[in-house]
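Engineer: 3D model of this:
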Amino acid sequence: MKKAWVMFKTFFVNYFWIGIMLILFSIIIGQNIDNTSTYLLLVIKLFETVGIAIVVAALFSFTFESMSFQDKMQDIVENIVLKRTFLSNLANEKKKEALHSLLQPTEQEIKKYSNIEDYYNYYIDETLNVSKKNVRSNYNINVKAKYDKGTSRVYTEGIYSYRLYPSDNGYTNITVGFLKDDKDSTVDVIVNLPDGERKKFENKDLTFKEDDIARETEIEINELYKEHDHLDIELRVTEYGFNHWMNIFFKAEQATDGFKFTLYCDDEISIKTHNVFDVGHKYHIDLNNDKNEIHIGCHQWINEGAGILIIASKPE
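Structural biologist: Just a heads-up that it's a prediction; the model follows:
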């Protein structure tokens, strides 16, 4: 209160009233002189202009020194310099322009390779497209490899589960499929909702479309579940190899936060090789001494295209 009173007195005593007095003085003198005196009129207008300027300056001075104004300006500066709110509220095209301006190759890089700027632009576009894509978290794959004596083939029974989050455009279709010549493999898709309800899409009810390489089907979920902020997806897959050995593989089709894969082998099946196809992420691989059990995990974000390949086989 004391500080506010000091500001109040300083504001009205020092500047404000001086400005008012100059304005009143110019008005009074102007009403009582001969309008034919050009020089005197100029002096009066000068006093009036100076008086108005002093009043306006006093008002601005008082406003700038007030705590509410200072706090407001501090919030604005913090949002711009620290929180970068101005960038987060920009449209994607404006963000792209800002990033293109900020992330530019150096002249030395351009001299080494003239098209390096296209490489920068590619990753800028990929980054800004994240909001247009679905992402997954806690992807778990549990697979058991067995041997079918009737067909003399290795096959697997697996459960794939993950939490799916929508993009700005909602949920994309769930796509599942197998190789074209693989007519025995099956998949059931279960969509679990946040309210505890679920919807099951059984293999016998799915329609697969074939091309030269694979047979695939798509399950549309956006129209049914677009009001939910996430979905828990479960795939129950039975997949057959073509011989006494089998390729067991996984490829990330969407950005995924966290990934775990477990394979158990029965019927004297063993793991011959295992490979991880990714760059820049840490994978933990545990293979037991009997080579019939393997655990592969990554607790980071993995990008589209990352994957694993395992070959499991019975003794020849």
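
Engineer: any stretches of the stretch 1-150 of the chain with poor pLDDT?
Structural biologist: Scanning the stretch 1-150 of the chain for pLDDT under 70 picks out 1-19, 30, 32-40, 47, 58-92.

Engineer: need the contact list for residue 193.
Structural biologist: By C-beta atoms under 8 Å, 6 or more residues apart in numbering, the contact list for residue 193 reads 199, 225, 228, 231-232. (Each C-beta comes from the backbone N, C-alpha and C, glycine too.)

Engineer: so how far is residue 213 from it?
Structural biologist: Using C-beta to C-beta, to the nearest Å, residue 193 is found at 34 Å from residue 213.

Engineer: then residue 184?
Structural biologist: Relative to residue 213, and taking C-beta to C-beta, residue 184 is found at 17 Å.

Engineer: now do the SS call for residue 150.
Structural biologist: Secondary structure, DSSP: H, G, I helix; E, B strand; the rest coil: residue 150 is coil.

Engineer: that one: neighbouring residues, count only.
Structural biologist: Neighbours of residue 150 under the rule other C-beta atoms under 10 Å: 5.

Engineer: dihedrals phi and psi, it?
Structural biologist: phi -70, psi -40 (degrees, to the nearest 10).

Engineer: what ranges do the strands span in the stretch 151-300 of the chain?
Structural biologist: 153-165, 174-179, 186-192, 198-201, 209-210, 214-219, 231-240, 245-251, 255-265, 270-277, 284-287, 293-302 (DSSP state E, counting those that start in this stretch).

Engineer: which parts of the last one are buried?
Structural biologist: Which is strand 293-302. 294, 296, 298, 302 (16 or more other C-beta atoms under 10 Å).

Engineer: same question for the second one.
Structural biologist: Using 16+ other C-beta under 10 Å as the burial criterion, the residues of strand 174-179 that qualify are 174, 176-178.

Engineer: now those residues in a markdown table, with distance to residue 283?
Structural biologist: Listed next are these as a markdown table, based on distance: C-beta to C-beta, whole Å:
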| residue | distance to residue 283 |
| --- | --- |
| 174 | 25 |
| 176 | 24 |
| 177 | 25 |
| 178 | 26 |
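
Engineer: quick one: the nearest residue to residue 253 once chain neighbours are set aside and residue 256, what's the gap?
Structural biologist: Leaving aside its sequence neighbours, residue 253 sits nearest to residue 304 (C-beta to C-beta, 6 or more residues apart in numbering; 6.3 Å). Plainly put, residue 304 is 9 Å away from residue 256 if you go by C-beta to C-beta.

Engineer: neighbour count for these two, which is higher?
Structural biologist: Neighbours per residue (other C-beta under 10 Å) separate residue 304 from residue 256, with residue 256 holding more: 20 against 13.

Engineer: got the domain ranges for this structure?
Structural biologist: Annotated domains of the chain cover 2-71, 134-313 [automatic domain parsing].

Engineer: so can I have a markdown table of the ones you listed showing distance to residue 98?
Structural biologist: Output for the domains of the chain, formatted as a markdown table (distance: least, C-beta to C-beta, whole Å):
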| stretch | distance to residue 98 |
| --- | --- |
| domain 2-71 | 28 |
| domain 134-313 | 19 |
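
Engineer: most tightly surrounded among those?
Structural biologist: domain 134-313 (a mean of 15; mean count of other C-beta atoms under 10 Å).

Engineer: quick one: end-to-end length of that one, please.
Structural biologist: Terminal residues of domain 134-313 lie 35 Å apart, using C-alpha to C-alpha, to the nearest Å.

Engineer: make 634 the first number, not 1, from now on.
Structural biologist: From this message on, residue numbering opens at 634, which makes the last subject domain 767-946.

Engineer: how far does stretch 738-745 sit from the chain's center?
Structural biologist: Averaging C-alpha positions (C-alpha atoms, centre = their mean, to the nearest Å) puts stretch 738-745 30 Å from its chain's average.
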